[in-house]
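>>> Structure, please.
(one chain, ligands or ions: 1)
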Amino acid sequence: MSKVISVTDVVTRFGENLVHDHVSLSVGEGEIYGLLGGSGSGKSTLLREMIMLQRPESGHLEVLGYELDRLSRDQAAWLRRQWGVLFQAGALYSSLTVAENIGITLKEYTRLPPSIIDEIVHLKIAMVGLPDHAARLYPAQLSGGMVKRASLARALAMDPRLLFLDEPTSGLDPIGAEAFDKLILELREMLKLTVVMVTHDLDSIWTTVDRLAVLGEKRVIAEGTLQQVMQQSHPVIRQFFYGERGRLRSHHGK
Ligand SMILES: Nc1ncnc2c1ncn2[C@@H]1O[C@H](COP(=O)(O)OP(=O)(O)OP(=O)(O)O)[C@@H](O)[C@H]1O
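Have a look, this model is predicted:
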């Protein structure tokens, strides 16, 4: 499997706070890759580094064959259009309708006529399982699950090859979270996406993730398939998957 993201020896520091101390991992094409770890272990920061919102102090990140610290402006602009991002809070513009939120990047980055943009917007709305009338609603008129789906539709507006998700199921009830996981799996199949997902939702990990890295103690404690990672005896991993009582913390099998 070819690599689409390589993180090599990344060191990240905020003032005195050393967050990553030589973190390395790689994401293969077409994978749903989970970034796991306790609160403050640097998952979101690593995701932000992958999408060029932040730079590490040292080390290398390579995405789709490009080293992120050696890009021309044109290459950086091209690369930014190869991914869609779903941030934790959804981050839709509250003064725009769902359709306007989804169409905004198409308006900005393409010269497509409004009628075609409108068609694409409605296609994306259908793709994420929202009813067509949701196009006319404002974010405040949506349920939590609908906000996630509308944000996902916006992330998919430019037909990205990569999708970055930061805690996609947080704030959803178990049924909503399960439906969202199913949607991610369907979209990966349909659109041949590679997905990087920050999560600590165990059910989500069981059902969606192909490979994962567990961050802890400022580094990658384990990387591999769920089976490979669960075989590790590191206390952080035992605690994460087996909890205080040493019993497996999820009922779902993959
Ligand atoms: N912009 C910033 N300035 C200063 N410190 C930061 C900044 N961003 C993150 N940090 C710190 O870096 C550490 C890692 O934060 P990060 O949000 O990446 O962790 P996380 O694993 O995603 O945590 P959570 O699961 O709680 O979201 C934390 O100690 C945080 O306070």
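>>> So which elements touch the helix or strand harbouring residue 203?
Using DSSP states H and E, residue 203 maps to helix 202-208. Helix 202-208 makes packing contacts with strand 32-37, helix 174-191 when contacts are defined by 3 or more C-beta pairs under 8 Å, 6 or more residues apart in numbering; DSSP states H and E. To be clear about C-beta, it is placed using only N, CA and C from the backbone, and glycine gets the same treatment.
>>> Compute the distance from the centre of the longest one to the centre of its chain.
Using C-alpha atoms, centre = their mean, to the nearest Å, we find the averaged C-alpha position of helix 174-191 to lie 13 Å away from the chain's own average C-alpha position.
>>> Quick check: buried residues in that helix?
For helix 174-191, burial by neighbour count (16 or more other C-beta atoms under 10 Å) applies to 176, 177, 178, 179, 180, 181, 183, 184, 187, 188.
>>> So for the helix or strand where residue 148 lies, mean pLDDT?
Using DSSP H and E, residue 148 maps to helix 144-155. Average pLDDT, helix 144-155: 93.
>>> Stretch 3-11 now?
97.
>>> Contacts for stretch 117-134 next, please.
98-99, 102-103, 106-107, 110, 112, 135, 142, 146, 149-150, 152-154, 156-157, 179, 183, 187, 190 (C-beta atoms under 8 Å, 6 or more residues apart in numbering).
>>> sorry, back to before: from the buried residues of helix 174-191, pick the one nearest residue 27.
residue 188 (12.8 Å; C-beta to C-beta).
>>> and the closest one, what does it touch?
Residue 188 touches 30, 32, 195, counting by C-beta under 8 Å, 6+ apart.
>>> mind putting the residues you listed in a markdown table, pLDDT included?
A markdown table is the format used below for these (pLDDT from 0 to 100):
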| residue | pLDDT |
| --- | --- |
| 30 | 96 |
| 32 | 97 |
| 195 | 98 |
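>>> would you list those residues in a markdown table and tack on neighbour count?
Formatted as a markdown table, the contacts of residue 188 follow (neighbours: other C-beta atoms under 10 Å):
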| residue | neighbour count |
| --- | --- |
| 30 | 16 |
| 32 | 24 |
| 195 | 25 |
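>>> Report how many residues lie close to residue 225.
13 (other C-beta atoms under 10 Å).
>>> any idea how far it lies from the ligand?
Taking C-beta to the nearest ligand atom, to the nearest Å as the measure, residue 225 falls 21 Å from the ligand.
>>> That residue and residue 211 touch, don't they?
Yes: counting by C-beta atoms under 8 Å, residue 225 touches residue 211, with 5.6 Å between them.
>>> in the chain, which spans are strands?
Along the chain, the segments classed as strands by DSSP state E run 3-14, 17-28, 32-37, 58-63, 66-67, 83-86, 162-166, 194-198, 211-216, 219-224.
>>> what angle separates the third one from strand 17-28?
Relative orientation of strand 32-37 with respect to strand 17-28: 160 degrees, computed using axes from the mean of the first three to the mean of the last three C-alpha atoms, to 10 degrees.
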